[in-house]
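K.L.:
here you go, sequence then predicted model.
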Amino acid sequence: MTQLDGAAVPGPAAPAGPPPAQPPAPPAQPPAQPPVGSPEYAAYAPTATGFPTQAPPPPGAAPVGPYDPVPGAYGAPDSGQAYNAGGYNYQQQPGYSYPVAPVAPVAPKQRNPVLLWGGIIGGVLAISIVIALVVLLKDPKHDTDPTPGPVAGGDTGGTGDGGTGPTPLPKGGTFNVAWSAPKPAGADGSPQMLGIWGTDKLAVRVDSSGIKAYTLADGKEVWTIPVPSGSKEVCTASYGANSKGVAAVSFNTGDSDCSTVGAVDLAQGKLLWSVKVSADRMSSPTLSVTDNVVAVGGNAVGALNIANGQPAWQYQPRDKDCVLRGKAAGAQIAVSDRCYGNSGPKSQLVIVNAETGKPASTPVTLTGNIEQVDSVVQDKPLVLLMSSGPQGDYILPFDKDNKPGNQMSVKEPGSDSLRLSGQDEAVTHNVVSGTTLYVQVSGSKAGINAYDLTTGKRLWSANSGSTSNDMRLVAGTDKDGKVRAIVDQGYNKPARLVTLSPTDGSMTDLGTMTMPSSMNIGSSSNEYMISEDGAAIYAFRRLSSSDGPLTKWKK
């Protein structure tokens, strides 16, 4: 195997200290790990360095900022999402003024973050990602969203901006708990969920302690991939899997260096290969998969052949004194830079084709002092969260030809800044459908706001009608492009699953959910997915040691 720059591949890396305690053995044992030094060990030990170290800025360059390399560090920091504090955070969106704009045409189902089933994954990530949750769960990024369940006729509830709350709705049926996967034995430190993948038979949960697959039929664990020897934990996970059921993760090999990337075969429950992609430290690389490559975005940008981890291409900065920041976006990578040379603009943004490494857009000049791409809200059509622009953080939507649209501030007059979640986060707090952005908001009244991406104006707000009740946005959309939400109705009462009208946010009831006494709908606690036929709901716990990692409801 060769490195991305063509150099010879070094031998397998030795484990950095004693390996961490392994998680308890699951019902089905993972493939046995071969001894160090054997040919098969390459599937676990990093096997090559893909992206060469970037040169630090010259002496006397501009002051160090969040976008710049830190003196004495391994390279430019690849910081976490500005709006993701606390882990897989939530995808939230920008704010705009209230005037109601014409309702955008309903687009095909869309997906949301990390791996949504059926509805979730629908349309949004049409790019190759996925096999994921076919009937029950489909990859949020690329599959078509699931067909929604029966909708209660006639009445709707809910409120537009300034309303008083939902009114009683006809029952759409009851979702009872079908099963709940058991809490992991001796779960220590509440491993935080990093991603969710799926197939037509499995739901796969990725957290810092490893990767576990559960059957959709009964929730039993069928395979586990622990953190490999030489690594301390899983760092990040790709948003979904590709059409061949292959996904990607990165591993921390020590000192928060997560530059080792691996490919995972969901059908076999096997780590296919792992490779160190950069000599510079990457603290939180973003990953996406196509049928041909694993795209890597961070302070180094490039792609690996999905079959064997060999370098496919490496992004070359436009100047030797440039610092990169890349964010994987499905079949593309959004790359912003900050350059210290004298030629061209100091900073710019370009969209790169993940399979070829060639530019897929005209560069956009960035004028803020440390302006840069922060996260990918959606990959198709592309919607980015940009940070530190001249007027602050903003949302930047693109059309199908990657031409940028109007910038939309995340700060709405009279309101707190909206918090957005990116595709690389495990819990969804925003969904895009057509030209409308739906954002989960908190505050005196938890609810969901809708914004027109073409004008940046707020279309409407919907809430549960109570300051004490929560309202949780469900990732993805139904087959008609409508977003769904779970509405808390109070302590020890069943929650409601509803769709929200794209016109005014009014609610149509899809059914009630019997909530276990120890569980609430928790905006930051669970990621909800809906099966393609609308008859099943899945909740992935953000922390697996709380009530168990996964629960299924069925009508």
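P.N.:
It's in. Residues are numbered from 1 along each chain as shown.
K.L.:
in the chain, which helix or strand is least confident?
P.N.:
Evaluated with mean pLDDT, DSSP states H and E, the helix-and-strand set of the chain has its lowest mean pLDDT in helix 118-121, which scores a mean of 31.
K.L.:
packing partners of the helix or strand following that one?
P.N.:
The element immediately downstream of helix 118-121 (helix or strand, assigned by DSSP states H and E) is strand 174-180. Under the contact criterion of 3 or more Cβ pairs under 8 Å, 6 or more residues apart in numbering; DSSP states H and E, the helices and strands touching strand 174-180 comprise strand 507-513, strand 536-541, strand 550-554. Yep, even glycine has a C-beta here, placed from its N, CA and C like the rest.
K.L.:
so what touches the second one?
P.N.:
In other words, strand 536-541. Strand 536-541 is contacted from outside by 117, 136-137, 175, 178, 193, 196, 203, 205, 426, 497, 513, 519, 525-531, 547-555, using Cβ atoms under 8 Å, 6 or more residues apart in numbering.
K.L.:
now those residues: which count as buried?
P.N.:
With burial judged by 16 or more other Cβ atoms under 10 Å, the buried subset of the contacts of strand 536-541 is 117, 136-137, 175, 178, 193, 196, 203, 205, 426, 497, 513, 519, 525-531, 547-553, 555.
K.L.:
make a markdown table out of the helices and strands packed on strand 174-180 and add distance to Asp416.
P.N.:
Rendered in a markdown table, the data for the helices and strands packed on strand 174-180 read as follows (distance: least, Cβ to Cβ, whole Å):
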| stretch | distance to Asp416 |
| --- | --- |
| strand 507-513 | 24 |
| strand 536-541 | 27 |
| strand 550-554 | 31 |
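K.L.:
compare the ones you listed and give me the one nearest Ser501.
P.N.:
Closest to Ser501 of the helices and strands packed on strand 174-180, according to Cβ to Cβ: strand 507-513, at 7.2 Å.
K.L.:
per-residue confidence averaged over whatever helix or strand comes next after that closest one?
P.N.:
Elements were assigned by DSSP H and E; along the chain past strand 507-513, the next helix or strand is strand 526-530. Strand 526-530 shows a mean pLDDT of 92.
K.L.:
tell me the angle of strand 526-530 relative to strand 550-554?
P.N.:
Between the axes of strand 526-530 and strand 550-554, defined by axes from the mean of the first three to the mean of the last three Cα atoms, to 10 degrees, the angle is 40 degrees.
K.L.:
which other helices and strands does strand 526-530 contact?
P.N.:
Using 3+ Cβ pairs under 8 Å, 6+ apart as the contact criterion, the secondary-structure elements in contact with strand 526-530 are helix 118-121, strand 193-198, strand 471-477, strand 536-541.
K.L.:
re earlier: okay, the helices and strands packed on strand 174-180 in JSON lines with mean pLDDT and distance to Ser415 next?
P.N.:
Conversion of the helices and strands packed on strand 174-180 to JSON lines gives the following (pLDDT from 0 to 100; distance: least, Cβ to Cβ, whole Å):
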{"stretch": "strand 507-513", "mean pLDDT": "94", "distance to Ser415": "22"}
{"stretch": "strand 536-541", "mean pLDDT": "93", "distance to Ser415": "29"}
{"stretch": "strand 550-554", "mean pLDDT": "94", "distance to Ser415": "33"}
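K.L.:
out of the ones you listed, nearest to Gly405?
P.N.:
When those are ranked by proximity to Gly405, the top entry is strand 507-513, at 29.3 Å, counting by Cβ to Cβ.
K.L.:
just the strands in the stretch 301-450 of the chain please.
P.N.:
Under the criterion DSSP state E, counting those that start in this stretch, the stretch 301-450 of the chain contains strands at 302-305, 311-314, 322-329, 332-339, 347-353, 364-366, 372-379, 382-389, 392-397, 408-409, 430-433, 436-441, 447-452.
K.L.:
most packed of the ones you listed?
P.N.:
The highest mean neighbour count among the strands of the stretch 301-450 of the chain belongs to strand 430-433 (a mean of 32), with neighbours defined as mean count of other Cβ atoms under 10 Å.
K.L.:
any stretches of the stretch 351-500 of the chain with poor pLDDT?
P.N.:
Counting by pLDDT under 70, the stretch 351-500 of the chain has low-confidence residues at 467.
K.L.:
returning to that earlier point: ok, which of the helices and strands packed on strand 174-180 comes nearest Asn449?
P.N.:
strand 507-513 (14.5 Å).
K.L.:
for the closest one, packing partners?
P.N.:
Taking 3+ Cβ pairs under 8 Å, 6+ apart as the contact definition, the neighbouring helices and strands of strand 507-513 are strand 174-180, strand 483-487, strand 495-500.
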